[in-house]
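K.L.:
Just need the structure, nothing else, for what follows:
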Amino acid sequence: MRQGCLEFFGGFVSWLLERLGSQGVVAMTLGHAILGQDRETLEIVRSHEQIHVAQYEKWGVLFIPVYLGCSAYLWLAGKDCYRDNPFEQQAYREEAPRVKN
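P.N.:
Residues are numbered from 1 along each chain as shown. Predicted structure coming up:
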């Protein structure tokens, strides 16, 4: 458990994430659970995914349908259903800067 969330990675989680989206997904948040490809990926994306946890806490059970609804609307409008999604834009805006070694 990290920052109030359960984190899962590897095995079935990696298999599942690789099959989501056209280029695979490195991580995703479902409520207070964060799924990641591996431990290193979770270290990199944790700040971003924690924003989604806060969004979930604000929206409750509506978060996932509203997120998916935004993505569907954007896709139908010919926009990027991920990058143009307001939930993703907020997460990218507010995530902690990454330290480069």
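K.L.:
Which parts of the chain are strands?
P.N.:
Remark: strands assigned in the chain by DSSP state E are 6-9, 27-30, 33-36.
K.L.:
Of those strands, give the one that comes closest to residue 91.
P.N.:
When these are compared by Cβ to Cβ, strand 27-30 sits nearest residue 91, at 9.2 Å. For the C-beta atoms, the positions are set from N, CA and C on the backbone; glycine is no exception.
K.L.:
Sheet partners, orientation included, of that closest one?
P.N.:
strand 33-36 (antiparallel) (DSSP bridges).
K.L.:
mind listing what's buried in the strand it pairs with?
P.N.:
Under the neighbour-count criterion of 16 or more other Cβ atoms under 10 Å, strand 33-36 has 34, 35, 36 buried.
K.L.:
Stretch 46-53 now?
P.N.:
Buried, per 16+ other Cβ under 10 Å, within stretch 46-53: 46, 48, 49, 50, 51, 52, 53.
K.L.:
For it, C-alpha coordinates in PDB please.
P.N.:
Presented in PDB, the C-alpha positions along stretch 46-53 are these (Å, rounded to 0.1, in the frame of the first residue of the first chain):
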ATOM      1  CA  ARG A  46       2.600   7.400  -9.200                       C
ATOM      2  CA  SER A  47       2.100  11.100  -8.900                       C
ATOM      3  CA  HIS A  48      -0.100  11.200 -12.100                       C
ATOM      4  CA  GLU A  49      -2.200   8.200 -10.900                       C
ATOM      5  CA  GLN A  50      -2.700   9.800  -7.500                       C
ATOM      6  CA  ILE A  51      -4.400  12.700  -9.300                       C
ATOM      7  CA  HIS A  52      -6.800  10.200 -10.700                       C
ATOM      8  CA  VAL A  53      -7.400   8.800  -7.200                       C
END
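K.L.:
Noted, bye for now.
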